[in-house]
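Engineer: here is a sequence with its predicted model. Questions after.
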Amino acid sequence: MLLLRTEPTQRVYMSDLDNISTSILRVLARDPRTPNNAIAKEVGVAEATVAARLRQMRENKIMRVALRKDFHAAGYDFQTTVDIATSGRSVHSVAEELAALDAVKAVMIVMRKPEIIITINTKDRQELAHIISDHVSTIRGVAEIETHAVLRIRKSRVRYANLKSKYGD
């Protein structure tokens, strides 16, 4: 998975990168496992150039490469999204406390009520019930909880990339 990441006050646009860096990112966005020698051949530069550009983009926090574990292969057969409405405490404080729970795999603050959506992977429904009743529901500020069991995942592809120019093209 290829993640392009910038600092909160910094935006990196495609037009800010030269053609070589942009081409390298496009190859990796298509297949993150592409080896440097194949990228070099496709982009038309030396393999050392690809390695140097990737290192430079990582050091400048323009991109980072991350692995994502297959939750089924890790022994989890049950995935659930949980909507959480808050009250009496800041949404961000509640989200931080939820994020600290090992069982919680993702925490998203959204622009609606409920204000937080989390993802939990468990081995079964009993484990989910334990996590919800003994951990999530005990967090101060959690007002309402609604769970949504995932029956089938049709697509799970995470690619974060802002490769648009600052002019919208």
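Structural biologist: Now that the structure is in, tell me what you want to look at.
Engineer: where exactly do the helices run in the protein?
Structural biologist: 19-30, 36-43, 47-59, 91-99, 125-134 (DSSP state H).
Engineer: any low-confidence regions in this structure?
Structural biologist: Within the chain, the stretches with pLDDT under 70 are 1-15, 65-72, 156-169.
Engineer: how does it divide up, domain by domain?
Structural biologist: Domain ranges of the chain: 2-65, 78-149, per automatic domain parsing.
Engineer: make TSV from these and add distance to Lys155 to it.
Structural biologist: Glycine gets a C-beta too; all of them are placed from N, C-alpha and C. Listed next are the domains of the chain as TSV, based on distance: least, Cβ to Cβ, whole Å:
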stretch	distance to Lys155
domain 2-65	16
domain 78-149	13
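Engineer: is it possible to export those domains to a markdown table including mean neighbour count?
Structural biologist: Listed next are the domains of the chain as a markdown table, based on neighbours: other Cβ atoms under 10 Å:
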| stretch | mean neighbour count |
| --- | --- |
| domain 2-65 | 15 |
| domain 78-149 | 15 |
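Engineer: on that earlier part again, do you know which of the helices of the chain lies nearest Thr80?
Structural biologist: When the helices of the chain are compared by Cβ to Cβ, helix 125-134 sits nearest Thr80, at 5.7 Å.
Engineer: using PDB, list the CA coordinates for that closest one.
Structural biologist: The C-alpha trace of helix 125-134 is given here as PDB (Å, rounded to 0.1, in the frame of the first residue of the first chain):
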ATOM      1  CA  ARG A 125     -19.200 -12.400  18.400                       C
ATOM      2  CA  GLN A 126     -18.500 -13.300  22.100                       C
ATOM      3  CA  GLU A 127     -15.100 -11.500  21.900                       C
ATOM      4  CA  LEU A 128     -16.800  -8.500  20.200                       C
ATOM      5  CA  ALA A 129     -19.400  -8.400  23.000                       C
ATOM      6  CA  HIS A 130     -16.600  -8.500  25.600                       C
ATOM      7  CA  ILE A 131     -14.700  -5.600  23.900                       C
ATOM      8  CA  ILE A 132     -17.800  -3.500  23.600                       C
ATOM      9  CA  SER A 133     -19.200  -4.000  27.100                       C
ATOM     10  CA  ASP A 134     -16.000  -4.100  29.100                       C
END
